[in-house]
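Peer 1: Generate a structure from the sequence data that follows.
(2 chains)
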Amino acid sequence: MEKNAAFSGNLNFLSLADVLQLLGSNGSTGLLRLKSPLLNDVGNIYLVRGNPVDASTGSQKGIAALYALFGWIGGEFEFCLEDVACENVIQKSRMEVILTALKMLDDGEIEAIGLPEESPEDVFLTDDRFASAPVIKGPLIDYWYIVDEENFEAGEKIVEQGKHGNWIWVILEGVVEIRKETTRGTLPILKIGSGSFVGSLSSIITGSNVRSATTVAVDGVQLGVLDSQRLANEFARLSPEFKDFLASLDRRLRQVTDKAVEAYEKSGQIQKFVSRQAPIIAQGSKVESGFVITQGEAFVVRETDSGALLLADLYRGDFFGDISFLDIGHEPGAAAIYGSKGLETRAPNLEVLKREFDELSPTFHNFIEHMAHCITATSAVAGGFTEKESEPL
Amino acid sequence: MLGFMAVYNVRNREIECKIVYYGPGRCGKTTNLEYIYRSFTKQVSGKMVSIDTDGDRTLFFDFLPMGIGKVMGCDVRLQLYTVPGQVKYSSTRKLVLKGADGVVFVADSMEIRREKNMVSLKDLHNNLKGYGISVFSIPLVMQYNKRDLEGQIPLMNIDQMRGDLNAQLKVPDFEASALTGRGVGAALKECLKLTLKSLQRELKWVE
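Peer 2: Below is the predicted model of the structure:
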């Protein structure tokens, strides 16, 4: 970089649009020089009182050159204060140039060079991932599927484990606690807040309408009753593969919940998972594909300091691996997969599944993300008992 | 830093705030800005930038609000933007939303646009979240536009729109007709008021 540069940096951090806005509102006059390591080329933009007056890169000049430079996503920039004597070739205002260029970039009229990899969205909203009862907040509520509203007072039961019912609610206000009845008494598993759902998809997927847990209003709670007929209709229109995927997700949530109950009932003294074989997917490894079991069994195992904890058994029709569009907080990042003898799998078409996931109604989409959050949080609860209570005195 | 985004321009002793008009395609965002540009000529500085984007137009201009006095000895300059509705214009949306100080959400009162409004509000939420801004904390006002079509086309009633869009947010809301200008100035004024309040809170100018 030049020694007399007044301002320099990386385009990955501050894009050309940002740099031009900054120099623009500062009313700067001088030369803005861009360097792209990928193109092994430089670009020059001349500014007078904050407005671009001319530019050049390679054989391009003027506005065409300036637009092309917006495609340099990576690279470096430096701005030197100097007198600019060139003609006013670019007549457009700064913001007009910026907005036009970005539009061209999005329309594919400007080639984007050196795109950074997209970082995955942080979807987890609990206060503390490993607290025994984190509050999970859902996304912004979609009011489209709500047919009625109901109010519950603090301490009031909304559903009771073992009773029948298939209504699904979305929490509009307040916090709800999900509890399991165990041989050691009541176990609070999760707290969920506005945007989260009460009830499970099981009634839609399998037709079962026995409640698997108790939910209680922690404070004054307002719930929106979801139009279950509409959800059922939407489910019915899904592809068989996507239905299988949802059923597998629902089974996994039930399994990790059962593991949490088991760990609690046995005060963490549960049998640790031991395998003589190497895992199919090691915890923390990078896998970029998904699998569907066609024969045999697979085990989801979390390696912790106090040993390997079995989180779920997977059977024929279950999915595992890296399901790129949904993070359930298990393999490959935070759990390993071991296979039984004779395990056979096939590859699901993740692209088609992702497309279907993206096209779901906001409510259905939110519900599935909510299930994924519950799997993550419940696994942390199960792991929490094992770690806390199995420590030697 | 995340909450406070306005740019303090030392040279001109100005505070630049960005107010963004957001909403589903053809809801009347551009009509809002065009009305402001036409009717408040004394306060508009520079010409309006209009970029044709698929199914929509993206507008931008500078606006110097009158009658709000100086804030800590500085003039306040507003940059008013609309956001292109289409998903593919992510670079433009990012530029516009990054550092937004206030948002006017323009909802379409037409019954057939009910779902489009809700999807767009969810988009706003997700997009802001991407920049570390919560839709619950950013200065936001809601405008129920196209009320002038009452009696001509099936419109949603205000209570229904409030229930759909504003039950959780509980922000100031306005019935409007961007075409005739009804509710346009009021929504902008309220958004500006909230934005300045939020700036003062961020900077602890007032306790």
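Peer 1: Residues in a beta bridge with the residue nearest the centre of chain B, which ones?
Peer 2: Centroid-nearest residue in chain B, with C-alpha atoms, centre = their mean: B:V104, separated by 2.6 Å. Counting by DSSP bridges, B:V104 forms beta bridges with B:Y21, B:V141.
Peer 1: if I pick A:G58, what's in contact with it?
Peer 2: A:41, A:65 (C-beta atoms under 8 Å, 6 or more residues apart in numbering or on different chains). Yep, even glycine has a C-beta here, placed from its N, CA and C like the rest.
Peer 1: how much space between it and chain B?
Peer 2: 22 Å (C-beta to the nearest C-beta, to the nearest Å).
Peer 1: Report the buried residues of the top helix by length along chain A.
Peer 2: Ranked by residue count and defined by DSSP state H, the top helix of chain A is helix A:362-389. By neighbour count on 16 or more other C-beta atoms under 10 Å in any protein chain shown, the buried set for helix A:362-389 is A:362-387.
Peer 1: The residues you listed also near chain B: which ones?
Peer 2: Contacts with chain B within these, as defined by C-beta under 8 Å from any C-beta of the partner chain: A:P362.
Peer 1: returning to what we had before: report the distance from the longest helix of chain A to the chain centre.
Peer 2: When distances are taken as C-alpha atoms, centre = their mean, to the nearest Å, helix A:362-389 is centred 13 Å away from the chain's centroid.
Peer 1: Looking at it now, give me its mean pLDDT.
Peer 2: For helix A:362-389, mean pLDDT rounds to 81.
Peer 1: Around chain B, pick out the residues from chain A.
Peer 2: A:17-18, A:25-27, A:93, A:95-96, A:98-100, A:102-103, A:105-107, A:121, A:139-144, A:172, A:194, A:362.
Peer 1: quick one: which of the residues you listed sit in helices?
Peer 2: A:17-18, A:25, A:95-96, A:98-100, A:102-103, A:105-106, A:362.
Peer 1: Go through these and name the one with the lowest pLDDT.
Peer 2: Out of those, that is A:S25, at 78.
Peer 1: May I have the residues that are in contact with that residue?
Peer 2: So, once contact is read as C-beta under 8 Å, 6+ apart, A:S25 ends up touching A:50, B:7, B:9, B:16.
Peer 1: got JSON lines for those residues, with distance to B:V71 too?
Peer 2: Formatted as JSON lines, these follow (distance: C-beta to C-beta, whole Å):
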{"residue": "A:G50", "distance to B:V71": "23"}
{"residue": "B:V7", "distance to B:V71": "13"}
{"residue": "B:N9", "distance to B:V71": "13"}
{"residue": "B:E16", "distance to B:V71": "12"}
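Peer 1: remind me which residues of chain A are low pLDDT?
Peer 2: A:1-4, A:114-134, A:137-139, A:268, A:386-393 (pLDDT under 70).
Peer 1: How is it divided into domains?
Peer 2: What automatic domain parsing lists as the domains of chain A is A:7-106, A:135-389.
Peer 1: out of those domains, which comes closest to B:Y144?
Peer 2: In terms of C-beta to C-beta, the element of these nearest to B:Y144 is domain A:135-389, at 14.7 Å.
Peer 1: just to revisit the earlier point, would TSV of the contacts of A:S25 with distance to B:M118 and secondary structure be doable?
Peer 2: Formatted as TSV, the contacts of A:S25 follow (distance: C-beta to C-beta, whole Å; DSSP: H, G, I helix; E, B strand; the rest coil):
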residue	distance to B:M118	secondary structure
A:G50	40	coil
B:V7	33	strand
B:N9	38	strand
B:E16	32	strand
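Peer 1: For these, pick the one with the most neighbours.
Peer 2: For these, the largest number of neighbours (other C-beta atoms under 10 Å in any protein chain shown) sits with B:E16, at 21 neighbours.
Peer 1: May I ask you to name the longest helix in chain B?
Peer 2: Under DSSP H, chain B gives helix B:184-203 as its longest helix.
Peer 1: by contact count, what packs against that helix?
Peer 2: In terms of contacts (3 or more C-beta pairs under 8 Å, 6 or more residues apart in numbering or on different chains; DSSP states H and E), helix B:184-203 is packed against strand B:14-22, helix B:29-39, strand B:102-108, strand B:140-145, strand B:173-175.
Peer 1: Appreciated, that's everything.
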